[in-house]
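>>> Any chance you could fold what I've pasted below:
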Amino acid sequence: MPSSDDEPGRDDGEYIGGVGSEELLDADDTLSPTPTQHERLKNHLHGEQFREIKRADRRYLVVGRGGDDAPGKRRRRVRDILDDRPEATAFRLEDFGLSGDELELWVPAFDILSETATHIVGILEDYDGGHVWELGYLYHHQRHIRDVLWLLKRIYGTEATQREKYDNGMAASHLAALEEATGDRVIPWGDPDDLSDAVEKIP
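Presented below is the predicted three-dimensional model:
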């Protein structure tokens, strides 16, 4: 997913890589891939892996923090749990070899895989990272996706820690709207050992 290291602060109106929020809201015009990028996108997405995904009865797109840190490992664990279900497959954008530095490819790839998924599963531990951009993209561009969105939201033991992790005005407004639309498909979890039980509540 897009690297949080590339993200400027939300106060300056930018989401990622110097691209402003107003540009993301008009992404069809400002983030159109070049012919070379389009060919690379097709090569990434339209291979055997994509065909296998389309053959599965349940297709889980797993969104959340990436990397090799603890949240990234938990996200991979969620993907693996869902992928082990009968007649199901689970995947992340990174599984297709896409680099978070290539926003022009990331946006249409995310769009295609979101449309393909029967379930979109977002793992939230804070509002700092590229996963916030992805969920914000869903909020702005794909309102019908709300019907298949499940949020696994981490709840912390103290109010101070909860504020620290989720104190981000722009992201908070988008995610609050998503949580309201998602309703009982927001599944709370606290201790990392409880995450597997939370995943089991997703059909």
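
>>> ok, the closest residue to A88 other than its chain neighbours - contacts?
Excluding its sequence neighbours, the residue lying closest to A88 (C-beta to C-beta, 6 or more residues apart in numbering) is R58, at 4.0 Å. Every C-beta, even on glycine, is put in place using the N, C-alpha and C of the backbone. Neighbour list for R58: 85, 87-89, 118-119 [criterion: C-beta atoms under 8 Å, 6 or more residues apart in numbering].

>>> Show me which of those are buried.
85, 89, 119 (16 or more other C-beta atoms under 10 Å).

>>> if we can go back for a sec, point out the ones among the contacts of R58 that are inside strands.
Residues of the contacts of R58 located in strands (DSSP state E): 88-89, 119.

>>> Could you export those residues as CSV, including pLDDT and distance to D191?
Putting the ones in strands among the contacts of R58 into CSV (pLDDT from 0 to 100; distance: C-beta to C-beta, whole Å) gives the following:
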residue, pLDDT, distance to D191
A88, 97, 26
T89, 97, 28
H119, 95, 24
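
>>> I'd like to know which of these is nearest to L151.
Within the ones in strands among the contacts of R58, distances to L151 taken as C-beta to C-beta reach their minimum at H119, with 11.4 Å.

>>> With distance to A109 added, can I get the contacts of R58 in CSV?
Formatted as CSV, those follow (distance: C-beta to C-beta, whole Å):
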residue, distance to A109
R85, 24
E87, 24
A88, 21
T89, 17
T118, 18
H119, 18
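
>>> Identify the residues contacting the closest residue to A56 other than its chain neighbours.
Nearest non-adjacent residue to A56, counting by C-beta to C-beta, 6+ apart: T89, 4.1 Å away. For T89, the contact set (C-beta under 8 Å, 6+ apart) comprises 52-53, 56, 58-60, 83.

>>> just I53 next, same as before
Listed by C-beta under 8 Å, 6+ apart, the contact set of I53 reads 59, 89, 91, 116.

>>> So for the helix or strand encompassing A160, what gets flagged as buried?
In this assignment (DSSP states H and E), A160 forms part of helix 159-166. Neighbour-count burial for helix 159-166 flags 165-166 (criterion: 16+ other C-beta under 10 Å).

>>> ditto for stretch 62-70
62-67.
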